[in-house]
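Participant: sharing a model prediction with you, sequence too.
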Amino acid sequence: EDQVTQSPEALRLQEGESSSLNCSYTVSGLRGLFWYRQDPGKGPEFLFTLYSAGEEKEKERLKATLTKKESFLHITAPKPEDSATYLCAVRSSGNTPLVFGKGTRLSVIA
Amino acid sequence: KAGVTQTPRYLIKTRGQQVTLSCSPISGHRSVSWYQQTPGQGLQFLFEYFSETQRNKGNFPGRFSGRQFSNSRSEMNVSTLELGDSALYLCASSLWDIAETQYFGPGTRLLVL
């Protein structure tokens, strides 16, 4: 059974204090790993898709990386507007649905 | 290009009633998935449709059902509502391949009293 574990559950950072969020996964064969950002009461907003180990993608202060067992979302010099829940999801080989982790709730304090 | 739209955005129902939620995918997208999100359980998969055919179904009781129309729009129905059905119901669309990115709508907040 596909599984996704995100850590930490919650993270509190000072503005400008860089950090990383972790997404560990167990799948029978990875078709894609997805990162989303979700603000309270809203639908998840797409950030990145990664398909193979070694792949990296960047967007503003965010950088996502992928290995064979985990993915990291690095946040460089975060700002208060980066406060949100960050969700990781995987799609495995075969006709299986997307599986989500429980998310990391990030708070950036000015 | 317009994003995924969901109607209604908010809904209040009482136990035993039924409800129908609607989702319009991004233009050109043929795959639609539905999720239930609650504080305790996170995002849980309900169904996935592609070209009017159910491609996957999650572990939910038969009270939860869905369908997709020829224009890719989708509806989900919950019959005999229970208090535990209170949640944010999210719809997501993707082009067609299961490995492609899903784009989410704003959700329908359902409160069952």
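Facilitator: In hand now; what should we look at? Numbers count the residues shown, from 1 in each chain, chains lettered A, B, ... in the order given.

Participant: okay, buried residues for the least confident helix or strand in chain B by mean pLDDT please.
Facilitator: Using mean pLDDT, DSSP states H and E, the weakest-scoring helix or strand in chain B turns out to be strand B:53-57, at a mean of 91. Using 16 or more other C-beta atoms under 10 Å in any protein chain shown as the burial criterion, the residues of strand B:53-57 that qualify are B:55-56. C-betas here are computed from N, CA, C, even on glycine.

Participant: can you tell me which residues in chain A are near chain B?
Facilitator: Taking C-beta under 8 Å from any C-beta of the partner chain as the test, the list of chain A residues beside chain B reads A:31-32, A:34, A:36, A:41-46, A:49, A:51, A:87, A:89, A:91, A:95-103.

Participant: give the contact list for residue 51.
Facilitator: Since no chain was named, I'll use chain A. When the contact criterion is C-beta atoms under 8 Å, 6 or more residues apart in numbering or on different chains, the partners of residue A:51 are A:30-33, B:99.

Participant: that's the wrong chain, I meant chain B
Facilitator: B:30, B:68.

Participant: repeat the analysis, applying 6 Å as the threshold.
Facilitator: Neighbour list for residue B:51: residue B:30 [criterion: C-beta atoms under 6 Å, 6 or more residues apart in numbering or on different chains].

Participant: ok, now how distant is it from chain A?
Facilitator: 14 Å (C-beta to the nearest C-beta, to the nearest Å).
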